[in-house]
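> Here is my input, please return the structure:
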Amino acid sequence: MRTTSPNRWLMLAVGMVGQAAGTVFVNAAPFLIPYLHLQEGVPLAQAGALASAPLLGTTLSLVLWGVVVDRVGERATLTLGLGIVSLAAVGAAFTTSYVALAVAFFLGGLGVASTNSASGRLVVGWFPPRRRGTAMGIRQTALPLGVGIAALLVPTLIERTDLRTTMLVVAAGCIGATLACALLVVDPPRAGRTEAAGLGQLDNPYRAVHDPSRRLLRIHVASALLVVPQFTVWVYMLIWLVDAKDWSTAAAGALVAATQLLGAAGRIGAGWWSDRVGSRMRPMRTIAVAAAVTMLALALLEGTALGITLMVVATVVTVADNGLAFTAVAETGGPYWSGKALGVQNTGQYLVSAGVPPLVGVVIAQQGYSAAFAAAAVLPLLAVPLIPVARRAAAASS
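Numbers count the residues shown, from 1 in each chain. Purely as a prediction, here's the structure:
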């Protein structure tokens, strides 16, 4: 039996490696679109649909993986999930049809969902409350890091080699992450089920008797509302710079990439802030107000010289709340419910984010960018009163 605690920063690093590897796999799909369309002759709509395959798999399995991690722990969940991703990536390398490729990405998406809850629970389990916000902010940077790696790796490899080589390289990264999780991850300590039952840790935190303020549900809904301005900016910043500001595609792409790094820094800063004030929700409410103000200012001034600066600010502000909500959900859910709660949290965000691009696109087409940005500013305002700022002693001391 292990008698000493592992290095908590190592646990964070391994969890990040697992999440980044899964993110590279998921984002390999959209970066294959030019190759499939221009070189393989796959219709653009069909090639574009490939990008939805792993996201669909992830969305459908988030809650299920939450149940798994609550039952068997973080190490087994990460190893199993990333093992599925590795097999799917190898399968994608040897596919001979578009349908088989889409199936491989869908199955890989099922496995990627395991990293969301499990890596988040590693942070909450091994870091004390006074450091969790910062640690979770660092953990959240695995997402933009994975997108950046995929953006640099996949288009270059597919141009210089072929689909098989490209996906085998992606698979190698996933296999390495799987082995790292299997060999290095140590599950955070938690009470046995009998003791946990006596402590109330097995009780459903969604029931009103245990959560009269409906704290978890309010965080879920508020987070889903805050996804709207985030995805509005992420999806339409590139085309706005090219279409409305006459930037070249290369210059616009470079700025978009730079804002990913700024957004990552913003998540870490928000987490550090929450540790300093001893609350996840008070900073989250302030960020929601800032997001509404920034998006409204962008709507009013997007045609002026300040527009680009406001757009960059919006990309930072609108993502800063993600780690705060994730940490609060894990703390509130407790050691036997946080996996399921994190699964619900992510599922709501994924479902809302899927609807943002087409709906905002309609508004832009009919009313212009200013109207779309103004509409996105309304959602953070609706989120503000939902964010439960009353501090929970249980969460603070868990």
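> For residue 81, give me its contacts.
If a contact means CB atoms under 8 Å, 6 or more residues apart in numbering, then residue 81 has 22, 65, 111-115, 118 as its contacts. The way it works is simple: take the backbone N, C-alpha and C, and place the C-beta from them, glycine included.
> One more pass at 6 Å, please.
For residue 81, the residues meeting the contact criterion (CB atoms under 6 Å, 6 or more residues apart in numbering) are 111, 114.
> what's the spacing between it and residue 102?
When CB to CB, to the nearest Å is the yardstick, residue 81 and residue 102 sit 20 Å from each other.
> Check which element follows the one helix or strand residue 121 maps to along the chain.
With elements taken from DSSP states H and E, the one containing residue 121 is helix 98-126. Once helix 98-126 ends, the next helix or strand along the chain (criterion: DSSP H and E) is helix 129-140.
> May I see the buried residues of that next one?
Residues of helix 129-140 classed as buried under the neighbour-count rule (16 or more other CB atoms under 10 Å) are 129, 132-140.
> which two in the residues you listed are spaced the farthest apart?
For the buried residues of helix 129-140, the farthest-apart pair by CB to CB is 129 and 140; their separation is 17.4 Å.
> what residues are up against the spatially most central residue of the chain?
Against the mean C-alpha coordinate of the chain, by CA atoms, centre = their mean, the closest residue is residue 143 at 6.0 Å. Listed by CB under 6 Å, 6+ apart, the contact set of residue 143 reads residue 23.
> start at 51 instead
That works, and once the first residue is 51, the last one we named lands at residue 193.
> can you tell me the helix or strand for it?
helix 192-210.
> Please enumerate residues in contact with the helix or strand that comes right after that helix?
Past helix 192-210, further along toward the C-terminus, the next helix or strand under DSSP H and E is helix 213-234. The contact list for helix 213-234 (CB under 6 Å, 6+ apart) reads 64, 67-68, 71, 75, 78, 128-129, 132-133, 135-136, 139-140, 142-143, 207-208.
> let's see it at 8 Å
By CB under 8 Å, 6+ apart, the list of residues contacting helix 213-234 reads 56, 60-61, 64-65, 67-68, 70-72, 74-75, 78, 82, 85, 125, 128-129, 132-133, 135-136, 139-140, 142-144, 203-204, 207-208.
> Return the mean pLDDT over that helix, rounded to an integer.
For helix 213-234, the per-residue pLDDT values average out at 96.
> List the buried residues in it.
Going by neighbour count (16+ other CB under 10 Å), the buried part of helix 213-234 is 213, 216-221, 223-225, 227-228, 230-232, 234.
> and if you look at stretch 410-423?
So, applying 16+ other CB under 10 Å, buried residues of stretch 410-423: 410, 413-414, 419-420, 422-423.
> Taking helix 179-190 as reference, get the angle to the strand or helix carrying residue 332.
Using DSSP H and E, residue 332 sits in helix 331-351. Direction vectors for helix 331-351 and helix 179-190, defined by axes from the mean of the first three to the mean of the last three CA atoms, to 10 degrees, enclose an angle of 40 degrees.
> In terms of secondary structure, what does helix 331-351 contact?
Contact here means 3 or more CB pairs under 8 Å, 6 or more residues apart in numbering; DSSP states H and E; on that basis helix 331-351 packs against helix 265-293, helix 299-327, helix 357-367, helix 372-383, helix 419-433.
> In that helix, which residues are buried?
Residues of helix 331-351 classed as buried by neighbour count (16+ other CB under 10 Å): 331-338, 340-342, 344-351.
> centre of the chain versus that helix, how much separation?
For helix 331-351, the distance between its averaged C-alpha position and the chain's averaged C-alpha position is 20 Å (CA atoms, centre = their mean, to the nearest Å).
> With stretch 252-270 instead?
Using CA atoms, centre = their mean, the distance between the centre of stretch 252-270 and that of its chain works out at 23 Å.
> Then stretch 274-286?
Here the centre of stretch 274-286 is set off from its chain's centre by 12 Å, with CA atoms, centre = their mean.
> do stretch 289-301 as well
Relative to its chain's centre, stretch 289-301 lies at 26 Å (CA atoms, centre = their mean).
> That stretch spans what distance, first to last residue?
Distance between the two ends of stretch 289-301: 12 Å, counting by CA to CA, to the nearest Å.
> cool, and stretch 322-331?
13 Å.
> Show me which residues of that stretch are buried.
For stretch 322-331, the buried set under the neighbour-count rule, 16+ other CB under 10 Å, comprises 322-325, 329-331.
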